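> need coordinates for the below:
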Amino acid sequence: GRGYLSSRKDSIASMSSAEPITKNTYLPVVLKNHYPLPLPGANAYHNASMLLVDISGFTKLSTMMDVENLSKTINNYFDMLLREVEKYGGDVLKFAGDAFYAEWKIEAQANEHSDVDEGNLSLEQAVAKATLCGASIVRNCSDHKVIISSKETNSSDYYAETSKLDVHCGVGVGELAVIHVGNNETRREFLVLGDPIAQASQAEGLANHGELAASPEVINILKRVCRIPENIST
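Next up is the predicted model:
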C-alpha cells in the first residue's frame, strides 16, 4: 500500500484581506518565462515534486447558490489554496476542473546547502516543501464551512443553510515534460506530463477528504531527511 500523511481542520479558515489570487488571473511561472516560443522547440524536461490538490463540494453548492455568489465563494476558496502554495514557494502549473497541480522544480546542481529562498531546490528540499504544503492545505482548508443565506418563498424572512468545501491531496516526484501543442497564430495548449503526475494522481485517489497521500517514491525520499512514523509504509 501507499503511505498517508494526514491532518484535519476543525474550524472555519479565516480569509485574507490581501488582493485575491484567482483562477482567472493566475499565470504559471513556466509560462511567464517561456511564452511565446516557436514550436516544436518549446518542449522542455525537468525534475520536480508535484502536488495535486483536489477539491470537492462545488456541485452541491451550485444547487444552493446563485451564479454570482457561487463564483465569489469558489474564488475565495481558491485564493486560500493558492496562498498556501505561494507560501511554500510552489508554482501552480495547471488547473483541471476542481483540481490543480503545483510543482517544486528541482535544480540539478542544488544540494542541502542551497539557498531555498532563491528557488534552488535539491531533490529532498523540493519533496519536503511539496509535502509540507499539502499537509498545510488539508490542515487549514479542509471542512471549509460555507453559510448560505436564502429567502423564504412568499416571505421577507431569510434563513441560513450550511454546506462545506473539502480537499484532499497527492504528492509525486520525478521527471516532468512541459509540452506546448498547437501554434502561435490560432490556438496553443500547455500540457504537463510525466511520472510525478501519475504518482500524484494515484496517491490523491487513495486519500480521503482532509488527507494527504504520498507515493512510495516520495516517502522513500522523505525518510532521508525526516522521521517517518512506523505506520506509514511504502
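
> kindly list the longest strand within the protein.
With DSSP state E setting the assignment, residue counts place strand 158-182 as the longest strand in the chain.

> where does S201 sit, in terms of helix or strand?
Taking DSSP states H and E as the criterion, the element that holds S201 is helix 195-206.

> which helix or strand lies directly C-terminal to that helix?
As assigned by DSSP H and E, the chain's next helix or strand after helix 195-206 is strand 211-214.

> hang on, the earlier thing: just the C-alphas of the helix holding S201, formatted as PDB.
Extracted as PDB, the C-alpha positions of helix 195-206 are listed here (Å, rounded to 0.1, in the frame of the first residue of the first chain):
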ATOM      1  CA  ASP A 195       5.800  10.300 -13.600                       C
ATOM      2  CA  PRO A 196       5.100  13.000 -11.000                       C
ATOM      3  CA  ILE A 197       1.600  13.500 -12.500                       C
ATOM      4  CA  ALA A 198       0.900   9.800 -12.400                       C
ATOM      5  CA  GLN A 199       2.200   9.400  -8.900                       C
ATOM      6  CA  ALA A 200       0.300  12.400  -7.500                       C
ATOM      7  CA  SER A 201      -2.900  11.300  -9.200                       C
ATOM      8  CA  GLN A 202      -2.600   7.700  -7.800                       C
ATOM      9  CA  ALA A 203      -1.800   8.900  -4.300                       C
ATOM     10  CA  GLU A 204      -4.600  11.500  -4.400                       C
ATOM     11  CA  GLY A 205      -7.000   8.700  -5.300                       C
ATOM     12  CA  LEU A 206      -6.100   6.900  -2.100                       C
END
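
> tell me the buried residues in that helix?
Of the residues in helix 195-206, 195-197, 199-204, 206 count as buried by neighbour count, 16 or more other Cβ atoms under 10 Å. Where you see a C-beta, it was placed from the backbone N, CA and C, and this is true even at glycine.

> quick one: the residue nearest to A177 when sequence neighbours are not counted from L176, how far?
Nearest-residue entry for A177: L193, 4.6 Å, with adjacent residues in sequence omitted and distances by Cβ to Cβ, 6 or more residues apart in numbering. Between L193 and L176 the distance is 7 Å, computed by Cβ to Cβ, to the nearest Å.

> no further queries at this time; thank you.
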